[in-house]
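Dropping a prediction and its sequence here:
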Amino acid sequence: MSVIDILFRVDDICKKYDKYDVDKQRTLNASSDDAFIRIYSSFEEQVEAAQRRSEIALVETNRAKLVPINAEVRRLKARLMEEIPKLQKLAAKKVKGISREEQETRLDLVLALPERIRAIPDGTTSNLNQTGGWVASGSSGNIKFDKDGNFGDAFFQQTKESNQYRQEYELRKMKQDQGLDIICEGLDTLKNLARDMNEELDRQVPLMDEIDTKVDKTTTDLKSTNVRLKETLYQYRSTQNFCIDIVLICVLLGVASYLYK
């Protein structure tokens with residue numbers, strides 16, 4: 001784990017335990033009735049999460065890990081852009097206890113969100129151009145800038161090769177996103193199967209316990225039956241021996257009386 005990953009991990013842990021900060025929770029509870037503050041705070045957390053993922057992608061050297069991170073950042077940006085109209089309606093809504101200047105500040109904050117979201121790098125060429133990634137032409141070995149800082153239209157003119165490269169890049173990116181979506185669907189399916197299996201196992205646990213109880217009871221009954229059967233056989237043998245002894249005594253008495261006469 002690199003130092004940057006450790007810093008991000010520490011930041012996540014600190015945010016996870018912010019709920020135990022008494023002062024912060026008191027401030028949040030005081031503004032819990034304001035829907036704009038609540039939703040805007042959640043929106044800010046999502047923007048920061050997208051920025052952290054983007055920063056991880058910037059320092060990632062493994063392309064196999066870089067592609068899914070950029071795809072996740074693009075999905076986060078798309079979801080955030082879809083939520084902006086809802087936030088604009090809340091910012092324009094009049095709230096009791098909010099001054100006009102504060103409401104205008106809210107509108108300015110919401111209007112600045114689209115530019116902040118677009119500025120988050122997601123691995124596309126548009127973000128590279130925004131961050132100053134200039135491409136030198138092959139006809140010159142040096143990069144030349146105008147002295148006044150302005151560039152002509154010819155500098156930004158696209159060539160056939162650049163158009164073809166961009167189309168190929170967009171096609172591959174689309175295929176990668178589709179593949180990632182399929183993988184996500186497969187993972188969701190596996191997750192649902194695992195959940196169903198766990199639920200089925202939870203339902204089977206009482207049955208297994210009942211079966212074990214019945215088996216134990218049957219074993220105990222068999223042991224008791226065996227003991228009683230053994231005692232019965234012993235008593236039967238004792239009775240049989242007693243009868244034989246009486247018969248022998250009678251025979252001996254008969255023989256003795258016969259001899260005596």
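Everything's here; your move.

From A50, how far out is T124?
When distances are taken as C-beta to C-beta, to the nearest Å, T124 and A50 turn out to be 14 Å apart. C-beta here means a position set from N, CA and C on the backbone, and glycine is covered the same way.

between those two, which one's more packed in?
In this comparison of T124 against A50, neighbours counted by other C-beta atoms under 10 Å, the higher total goes to A50 at 23 against 15.

What is the three-state secondary structure of that one?
Three-state secondary structure (criterion: DSSP: H, G, I helix; E, B strand; the rest coil) places A50 in helix.

In space, what's closest to it - neighbours in sequence excluded?
L76 (4.2 Å; C-beta to C-beta, 6 or more residues apart in numbering).

is it true that that neighbour touches Q46?
Yes - with contacts counted by C-beta atoms under 8 Å, L76 reaches Q46, the gap being 6.6 Å.

Which one's more surrounded, the two?
For L76 versus Q46, the count of surrounding residues by other C-beta under 10 Å is larger for L76: 20 against 15.

element containing the more buried one, please.
Counting by DSSP states H and E, the element that carries L76 is helix 63-92.

just for this structure, where's the confidence low?
Within the chain, the ranges that satisfy pLDDT under 70 run 1-12, 14-34, 125-158, 160, 261.

Tell me where it has helices.
Across the chain, reading from the start of the chain, the helices by DSSP state H fall at 3-16, 22-30, 35-59, 63-92, 100-118, 125-130, 160-260.

Quick check: K77 touching D122?
Yes - counting by C-beta under 8 Å, K77 touches D122, with 6.2 Å between them.

before we move on, the earlier item: give the buried residues for the helix holding L76.
Within helix 63-92, the residues scored as buried using 16 or more other C-beta atoms under 10 Å are 66-77, 80, 87, 90-91.

and it, what other elements does it pack with?
helix 35-59, helix 100-118, helix 160-260 (3 or more C-beta pairs under 8 Å, 6 or more residues apart in numbering; DSSP states H and E).

Out of these, which one sits most buried?
The highest average neighbour count among these, using mean count of other C-beta atoms under 10 Å, belongs to helix 35-59 at a mean of 16.

Taking helix 63-92 as reference, get the angle to that one.
Using axes from the mean of the first three to the mean of the last three C-alpha atoms, to 10 degrees, the interaxial angle of helix 35-59 with respect to helix 63-92 works out to 160 degrees.

Remind me what helix 35-59 packs against, helices and strands.
Applying 3+ C-beta pairs under 8 Å, 6+ apart, one finds that helix 35-59 makes contact with helix 3-16, helix 63-92, helix 100-118.

Among these, which comes closest to E210?
Distances from E210 to each of the helices and strands packed on helix 35-59 were compared using C-beta to C-beta; the minimum, 42.0 Å, belongs to helix 3-16.

hang on, P68 packs against L180?
Yes - between P68 and L180 a contact is recorded at 5.9 Å, counting by C-beta under 8 Å.

before we move on, the earlier item: which stretch among the helices and strands packed on helix 35-59 comes nearest T189?
Closest of these to T189 is helix 63-92, at 18.1 Å (criterion: C-beta to C-beta).

the inter-axis angle of that closest one versus helix 160-260?
Taking the same axes, to 10 degrees, one finds that helix 63-92 is oriented at 100 degrees with respect to helix 160-260.
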